[in-house]
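Asker: for reference, the sequence and a predicted model appear below.
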Amino acid sequence: MADVITYREAVAEGIAREMRRDASVVCLGEDIGAAGGVFKTTAGLHEEFGPERVWDTPISEQAIVGAAMGAAMTGMRPVAEIMFSDFLACCWDYLANEIPKVRYMTGGQVTVPLVVRTANGGGLGFGAQHSQATENWALTVPGLKIAAPSTPADVVGMMAAAIRSDDPVVFFEHKGLLASKGAPPPPDHVVALGRAAVVREGADVTLVALASMVPVALTAAERLAEEGIGTEVVDLRSLVPLDTATVLASLGRTSRLVVVEENPYQGGWGATLVSVVADEGFGLLDAPVRRVAGECVPLPFADALEEQVIPTVDKVVAAVRSLAAY
Amino acid sequence: MDTAELLALYEQMALIRRTEKAAHDLFLQGLVKGTTHLAAGHEAIAVGAGAALRDDDYVFATYRGHHHALARGATPEECLAELMQRATGLCRAKGGSMHLTKAAVNMLGSYAIVGAHLPMAVGAAWSARLRGTGQLAVAFFGDGATNIGAFHEALNLAAVWKLPVLFVCENNLYMEYTPIADVTAVPRPAADRASAYGIPGEAVDGNDVVLVQEAVARLARRARAGDGPAVLEAETYRHFGHSRTDPAAYRPAEEVERWLKHDPLDLARGRLVEAGVPEERLTEADERARDVVQQAVDAAKNAPAPDPREAFTDVWADGGAAWRT
Ligand SMILES: Cc1ncc(C[n+]2csc(CCOP(=O)(O)OP(=O)(O)O)c2C)c(N)n1
């Protein structure tokens, strides 16, 4: 394997590894077969595994996710692609009412081991209906696991964990990261869901980020280091299960918290995280907590406008600086 | 169908009718909570289809699904205990009337969002094909579901993938309170749409258990042979209102009378008598059904409420509900 791999390649690599290992893993979605996916995140799968394991579907989001559910209930491990995460709204019934509840309401009789993969988030200038960060939609529903990796190695490792999970997982692949490169993962690389990573150590402020906000946080941390502010960066990696222990442990070292989320402030996952901190880690804090989040407007098209709305390095730097001085 | 088989189907229908009557009575006594959507009048569809299916075929139903759970092997006791919120209920009292499910016999659930389960049945049929098991999946649904997007997405996907799935519409002429004919562009809401997806769409008298059995057996054979899905529209009538709070006053008296005279149990009885089965054999079958249901009611009444800790089990496959590590 090459000495770097792109995030985009990592998606296909992660799925391929599981398909080689387990014959019950099958893929379905729009344009995922010979075309390799609109983001080329399934490139090579159709060639290697053929049309009996990689299925092109019509534009039928309800049928895609509903059929994945039926297949998962009957012995398969389907990996369904919903092209853009905005389109999860077209099959929201399955994510809100069917998939996450069937195990509970049947008294544990039925298990739904499936993965719904989707391209999430802004940064590519696709406008308000193709750019949303929607991971917080899924967070409102008990019964869904939520993965949102930030590096190619994590994509592969978390894909393995997601596909092997006996529970349903919504897997958010960030559009803004698809071209990013990283170290290739070793064979059999598995990253358990619910394990955050401390990706940079620092003594002054804890910065918690997810997916595309992780590189933003790391860039901000580098700039802050030049000013003598030590920033610890935690990559949350998954929202359910949520690794609050790693966040609280980091706060034990820094006593200051900034959360960076791309989704709108209103109802964002950061609100849940900081409420846990307020509840269980209040004594660890020497300053208020800050959330740097998307603004509560639809995502605009122009770069100059988008910058106003989603978190940027400058906004993160300003938030951390204000806390460091508190 | 031979007489012995028809007699067995009659007894199964009698058991379902008795169970529905018990559910109704227990509701009036305050022992069944929430709501119920009784299927009295629809028995021949569940029982006739069941007789045409293999034991390992998959069945998906709606919130009006008592008859499907019972026809596929759930006991009256498990079902009534579920309705009465008892620990011994089919879903350990976490599902209720609208979600009766018995996975052990591949009755894979009753779903309360209209039309949602049709794509699931497509997925189960896809999975059967991938695993090469020869199993079939059947989705039972109401006429109202035919105007939901999931119905159309499911039919198209099943057709293009040529999957072994049957879509069986229980057309009881009404959605909740609105006649389906008032809000649907074609006379047969399910069967007339099938041609748009290039698959057969047939109609059958859904109150005649023999005709239902024959139609499902025929369509199942073709699906298993790899010829793809089909739609069967079974015309029927519900004896009660839509749900517990509905006295069904919107239905014309002559219509109700006509359909009550076309009762699935009476029809099967008539066929049996014509075939020379003595009346007392039918009376015995009725009595057995009555006794089983009476015992089920007594057992359910005596069963305990669920352990409150059950509220926190079974969100995840590990049995628990933790959202943090
Ligand atoms: C998506 C959705 N919309 C509305 C409802 C409310 N609702 C419950 S049952 C019902 C009528 C359904 O009629 P039909 O499909 O003919 O089935 P039947 O009750 O006659 O068996 C409606 C509108 C629902 N449960 N789900």
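Answerer: Sure thing, it's come through.

Asker: and residue A:41, what does it touch?
Answerer: By CB atoms under 8 Å, 6 or more residues apart in numbering or on different chains, residue A:41 lies in contact with A:8, A:11, A:12, A:81, A:117, A:119, A:173, A:178. Using the backbone N, CA and C atoms, a C-beta is placed for each residue, glycine as well.

Asker: scratch that, residue B:56
Answerer: B:106, B:133, B:135.

Asker: local confidence estimate at the first one?
Answerer: For residue B:106, the model assigns a pLDDT of 98.

Asker: what are the phi and psi angles of the residue of the stretch 201-326 of chain A found nearest the ligand?
Answerer: Nearest residue of the stretch 201-326 of chain A to the ligand: residue A:267, at 23.8 Å (CB to the nearest ligand atom). When quoted as degrees, to the nearest 10, the phi and psi of residue A:267 stand at phi 80, psi 10.

Asker: and residue A:65, by the same measure?
Answerer: phi -80, psi -30.

Asker: ok, it touching residue A:115?
Answerer: No: in this structure, residue A:65 is not within contact of residue A:115 by CB atoms under 8 Å, at 10.8 Å.

Asker: common neighbours of these two, please.
Answerer: Residues touching both residue A:65 and residue A:115 (CB under 8 Å, 6+ apart): residue A:80.

Asker: before we move on, back to that, from the contacts of residue A:41, which land in helices?
Answerer: With helices defined by DSSP state H, the entries of the contacts of residue A:41 inside them are A:8, A:11, A:12.

Asker: burial of the first one, as a residue count?
Answerer: Residue crowding around residue A:8 was assessed by other CB atoms under 10 Å in any protein chain shown; the count is 22.

Asker: please apply the same query to the last one.
Answerer: By the measure other CB under 10 Å, the count of residues near residue A:12 is 23.

Asker: ditto for residue A:250
Answerer: So residue A:250, with other CB under 10 Å, has 24 neighbours.

Asker: look up phi and psi at it.
Answerer: phi -60, psi -40.

Asker: so it makes contact with residue A:230?
Answerer: No: applying CB under 8 Å as the test, residue A:250 and residue A:230 come out as separate, 11.8 Å apart.

Asker: which residue packs closest to residue A:134, ignoring adjacent ones?
Answerer: Excluding the flanking residues, the one nearest residue A:134 by CB to CB, 6 or more residues apart in numbering or on different chains is residue A:85, at 4.4 Å.

Asker: again with residue A:146
Answerer: residue A:239 (4.0 Å).

Asker: spit out the contact partners of residue A:94.
Answerer: With contact taken as CB under 8 Å, 6+ apart, residue A:94 is in contact with A:62, A:65, A:66, A:69, B:116, B:119.

Asker: same thing but at 7 Å, please
Answerer: Neighbouring residues of residue A:94 by CB atoms under 7 Å, 6 or more residues apart in numbering or on different chains: A:62, A:65, A:66, A:69.

Asker: do residue A:224 as well
Answerer: By CB under 7 Å, 6+ apart, the residues touching residue A:224 are A:231, A:317, A:320, A:321.

Asker: for chain B, state which of these is nearest.
Answerer: Using CB to the nearest CB, residue A:231 comes nearest to chain B of the contacts of residue A:224, at 23.9 Å.

Asker: count the residues that sit near that closest one.
Answerer: There are 27 residues near residue A:231, going by other CB under 10 Å.

Asker: dihedrals phi and psi, the closest residue to it other than its chain neighbours?
Answerer: Leaving aside its sequence neighbours, residue A:231 sits nearest to residue A:221 (CB to CB, 6+ apart; 3.8 Å). Phi and psi for residue A:221, reported as degrees, to the nearest 10, are phi -60, psi -40.

Asker: next SSE downstream of the helix or strand containing residue A:14?
Answerer: If you go by DSSP states H and E, residue A:14 is part of helix A:7-21. As assigned by DSSP H and E, the chain's next helix or strand after helix A:7-21 is strand A:25-29.

Asker: quick one: contacts of that following strand?
Answerer: By CB under 7 Å, 6+ apart, the residues outside strand A:25-29 that reach it are A:15, A:18-19, A:42, A:45, A:53-55, A:57, A:64, A:67-68, A:76-81, A:163, B:130.

Asker: stretch B:180-194 now?
Answerer: B:143-144, B:146-147, B:167, B:169, B:171, B:173-174, B:200-203, B:231, B:233.

Asker: and those, which are buried?
Answerer: Among the contacts of stretch B:180-194, those that count as buried by neighbour count (16 or more other CB atoms under 10 Å in any protein chain shown) are B:143-144, B:146-147, B:167, B:169, B:171, B:174, B:200-203, B:231, B:233.

Asker: closest to the ligand out of these?
Answerer: Comparing the buried ones among the contacts of stretch B:180-194 against the ligand with CB to the nearest ligand atom places residue B:144 closest, at 2.7 Å.

Asker: mind checking how far the closest residue to the closest one other than its chain neighbours is from chain A?
Answerer: Computed as CB to CB, 6+ apart, the closest residue to residue B:144 that is not its neighbour in sequence is residue B:175, at 3.7 Å. Going from residue B:175 to chain A by CB to the nearest CB, to the nearest Å gives 18 Å.

Asker: pretty sure residue B:175 contacts residue B:146?
Answerer: No: Residue B:175 is beyond contact range of residue B:146, at 10.1 Å (criterion: CB atoms under 7 Å).

Asker: and the next helix or strand past the lowest-mean-pLDDT helix or strand in chain A?
Answerer: Taking mean pLDDT, DSSP states H and E as the measure, chain A has helix A:303-309 as its least confident helix or strand, at a mean of 94. Next helix or strand after helix A:303-309 toward the C-terminus (DSSP H and E): helix A:313-324.

Asker: quick one: residue B:97 from residue B:306, how far?
Answerer: Note on residue B:97: its distance to residue B:306, by CB to CB, to the nearest Å, is 16 Å.

Asker: higher neighbour count, the two?
Answerer: Neighbour count, other CB under 10 Å: between residue B:97 and residue B:306, residue B:97 has more, with 25 against 18.

Asker: pretty sure the more buried one sits against residue B:36.
Answerer: Yes: checked against CB under 7 Å, the pair residue B:97 and residue B:36 is within contact range at 4.6 Å.

Asker: shared neighbours of those two, anything?
Answerer: What both residue B:97 and residue B:36 touch, as defined by CB under 7 Å, 6+ apart, is the set residue B:83.

Asker: returning to that earlier point: in helices, which of the contacts of residue A:94 appear?
Answerer: A:62, A:65, A:66, A:69.

Asker: would you turn those into CSV with distance to residue A:138, pLDDT and neighbour count?
Answerer: Output for the ones in helices among the contacts of residue A:94, formatted as CSV (distance: CB to CB, whole Å; pLDDT from 0 to 100; neighbours: other CB atoms under 10 Å in any protein chain shown):
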residue, distance to residue A:138, pLDDT, neighbour count
A:62, 17, 98, 25
A:65, 12, 98, 29
A:66, 17, 98, 30
A:69, 15, 98, 30
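
Asker: which among those residues gets closest to the ligand?
Answerer: residue A:62 (11.2 Å).

Asker: show me what contacts the closest one?
Answerer: Counting by CB under 7 Å, 6+ apart, residue A:62 makes contact with A:90, A:91, A:94, B:119, B:149, B:150, B:153.

Asker: please redo it, this time with the cut-off set to 8 Å
Answerer: A:90, A:91, A:93, A:94, B:119, B:149, B:150, B:153, B:154.

Asker: from the residues you listed, which land in helices?
Answerer: Judged by DSSP H, the contacts of residue A:62 include A:93, B:119, B:149, B:150, B:153, B:154 as members of helices.

Asker: out of those, who's nearest residue A:272?
Answerer: residue A:93 (23.5 Å; CB to CB).

Asker: mind checking pLDDT for that closest one?
Answerer: At residue A:93, the model reports a pLDDT of 98.

Asker: tell me who's in contact with the residue nearest to residue A:146.
Answerer: A:135, A:138, A:139, A:146, A:148, A:210, A:269.

Asker: surely the third one touches residue A:238?
Answerer: In other words, residue A:139. No: the criterion here is CB under 8 Å, and residue A:139 misses it with residue A:238 at 10.7 Å.
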